[in-house]
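Trainee: what's the 3D shape of this:
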Amino acid sequence: MSTPDYRVETEQYARSIAGSKRIRWDIEKDVIRGRDFDFSKKFLPDGISKVDRLEFLNDDEQRFLSRIQGRTYSNMFGFVERFIVAKILEITRDHWLGDQVALEALVRFSDEELKHQELFRRLETMMAAGMPPGYRFPWDPNEIAAAVLEKSTWAVMTIIYEIELFTQEHYKQSIEPEENLSELYKDVFLYHWKEEAQHAFLDALEWPRVDKKLTPEERDKAVDEVIELVGAVDGILKKQSESDAGYFIANTRRTFSDDQIARIKSTVLGAYRWQYIFSGVEHPRFQELFGRLTTETQRERVGRALAPLAKSVPSKAEKA
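Mentor: Numbering: from 1, shown residues only. I've put the predicted structure just below:
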């Protein structure tokens, strides 16, 4: 069932299997270790949450908004990994009667993502116990996954690669160097990053393999589907950021002016657009591979679709 005109790089998949075996971790034994979150500290660093841009918030308020964003950040991974597992299991079909090393690498990928879903479900219960009632994350992972999986495999693999890359960007650039985060929260994303690094490596093998199957017309249609998926993601981010900002305001013991409320909402939305869209699509490895698989006209089309969303995202100088 392997694609006839595309050679499977067995040694690359074997490298991924070796990495998967070396870094394999257990939720309780390695990550949680009987600990709870430290609710006196931030969950997400300022480099991701952008709460330091709200200078009128005191330290306690910035930490609280960081923890709200951190809870949403954890829940977001829990639900996107639902469609990632389904898509990766689907593409293993190409290797069922072909390269068994590639098949094992992708089965390990799927198994690790199922473990991540279990981890994030458990974390949500722990975070809910330490935060005020009223937080909402209303998205049904099965419903979202079903909608995503209606798109072509090429379009879905584009989104999956983007997600795996921003996971690495966030951990290495912001979470790892920050010393004042909840220790458990920081460890969760250390272990998550280790396996996601392997997954991004496999995405970069599978997405071009899938690409080889397409006609130019099919690829052009898939680019439009990527634009549709990004639009759908942004719809979720707008509603979730509004909900999270409202939860923050309702549980902070002071009154904010209309201008301050508007700034809280726009900052959270800008942070979410940077976290889940721009930090992935602007990643050098994403730019390189997307550039190889698409035409200049197609890239311009994607750029025009992203331009309106970029207005609320911190400039490159502010992102560091």
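
Trainee: just want the most central residue of the chain.
Mentor: Nearest residue to the geometric centre of the chain (CA atoms, centre = their mean): Ile163, 4.1 Å.

Trainee: touching, that residue and Phe83? I think so.
Mentor: No. Look at Ile163 against Phe83 with CB atoms under 8 Å: they stay out of range, at 10.0 Å. From N, CA and C alone the C-beta is placed, and that goes for glycine too.

Trainee: report the separation between the residue nearest to Thr153 when sequence neighbours are not counted and Glu11.
Mentor: Once flanking residues are discounted, Thr153 sits nearest to Val210: 5.2 Å by CB to CB, 6 or more residues apart in numbering. Val210 sits 20 Å away from Glu11, going by CB to CB, to the nearest Å.

Trainee: mind checking which of those two has more residues around it?
Mentor: Val210 (21 against 8; other CB atoms under 10 Å).

Trainee: who are the contact partners of the residue nearest to Thr153?
Mentor: By CB atoms under 8 Å, 6 or more residues apart in numbering, the residues touching Val210 are 91, 153-154, 157.

Trainee: just the ones of those in helices?
Mentor: The helices, defined by DSSP state H, take in 91, 153-154, 157 from those.

Trainee: return the member of those nearest to Arg301.
Mentor: Trp154 (14.9 Å; CB to CB).

Trainee: quick one: low-confidence residue ranges for this structure.
Mentor: 1-6, 315-320 (pLDDT under 70).

Trainee: out of the ones in helices among the contacts of Val210, which is most surrounded?
Mentor: Greatest neighbour count in these, by other CB under 10 Å, goes to Met157: 25 neighbours.

Trainee: from Ser243, how far off is it?
Mentor: 30 Å.

Trainee: that older thread, from the contacts of Val210, which is closest to Val51?
Mentor: Once CB to CB is applied, the member of those that ends up nearest Val51 is Met157, at 33.0 Å.

Trainee: assess the claim that the closest one and Trp207 are in contact.
Mentor: Yes. At 4.3 Å, Met157 and Trp207 qualify as touching, with contact defined as CB under 8 Å.

Trainee: now for those two: what residues contact both?
Mentor: Shared contacts of Met157 and Trp207 (CB under 8 Å, 6+ apart): none.

Trainee: for the longest helix seen in the chain, name the packing helices and strands.
Mentor: Using DSSP H to define each element, the chain has its longest helix at helix 216-250. Contact here means 3 or more CB pairs under 8 Å, 6 or more residues apart in numbering; DSSP states H and E; on that basis helix 216-250 packs against helix 59-91, helix 141-148, helix 153-170, helix 258-273, helix 296-310.

Trainee: tell me which of those helices sits nearest to Lys186.
Mentor: Taking the helices and strands packed on helix 216-250 one by one with CB to CB, helix 59-91 is closest: 10.3 Å.

Trainee: and the next helix-or-strand element following that closest one, what does it pack onto?
Mentor: Counting by DSSP states H and E, the next helix or strand C-terminal to helix 59-91 is helix 100-129. Helix 100-129 makes packing contacts with helix 10-23, helix 59-91, helix 183-211 when contacts are defined by 3+ CB pairs under 8 Å, 6+ apart.

Trainee: and the angle from the longest one to helix 141-148?
Mentor: Just to be clear, that refers to helix 59-91. Helix 59-91 runs at 60 degrees relative to helix 141-148, counting by axes from the mean of the first three to the mean of the last three CA atoms, to 10 degrees.

Trainee: okay, the residue nearest to Thr153 and Ala128: tell me how far apart.
Mentor: Val210 is 38 Å from Ala128, by CB to CB.

Trainee: got the contact list for the closest residue to Ala310 other than its chain neighbours?
Mentor: Spatially, and ignoring its direct neighbours in sequence, Ala310 is nearest to Phe278 (6.8 Å; CB to CB, 6+ apart). Phe278 is in contact with 306, 309-310, 313, counting by CB under 8 Å, 6+ apart.
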